[in-house]
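*Asks:* coords below, sequence missing:
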């Protein structure tokens, strides 16, 4: 019984490690996809509003600036841990 529980625990650990590896590998692809989806959804909402083209143009510009800023900050946050580990490994190699 204990062997079965150990096997399940090690399998779960390997599975979560695999998921973390995939997430780490595709984190910027996921970020870009979320950025495009959020920007597109917001643009669609503005497009359906009955306001003048001038007001819509300002709203599009604001949405674009806001989603771009959020994406850049999220990219920096996602890359922050990688930069620290890379600089440490470079120091160890020298």
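*Replies:* Perfect, I can see it now. All values derive from a computational prediction rather than experimental measurement. Numbers count the residues shown, from 1 in each chain.

*Asks:* From here on, just use CA atoms for contacts and neighbour counts.
*Replies:* Will do.

*Asks:* wait, doesn't residue 60 sit right on residue 43?
*Replies:* Yes - with contacts counted by Cα atoms under 8 Å, residue 60 reaches residue 43, the gap being 6.4 Å.

*Asks:* Buried residues in stretch 51-67, which are they?
*Replies:* Buried positions in stretch 51-67, judged by neighbour count with 16 or more other Cα atoms under 10 Å: 56, 59-60, 63-64, 67.

*Asks:* So, low pLDDT: which residues of this structure?
*Replies:* Where the chain drops to pLDDT under 70, the residues are 1-18, 81-94.

*Asks:* Show me the helices in it, by range?
*Replies:* Per DSSP state H, the chain carries helices over the ranges 2-25, 27-47, 53-93.

*Asks:* ok, back up a step: now, which of the buried residues of stretch 51-67 sits nearest residue 33?
*Replies:* Closest approach to residue 33 among the buried residues of stretch 51-67 (Cα to Cα): residue 67, at 12.1 Å.

*Asks:* Just list the residues touching that closest one, thanks.
*Replies:* For residue 67, the contact set (Cα atoms under 8 Å, 6 or more residues apart in numbering) comprises 35, 38-39.

*Asks:* List of residues touching stretch 32-43?
*Replies:* Residues from elsewhere that reach stretch 32-43, judged by Cα under 8 Å, 6+ apart: 60, 63-64, 67-68, 71.
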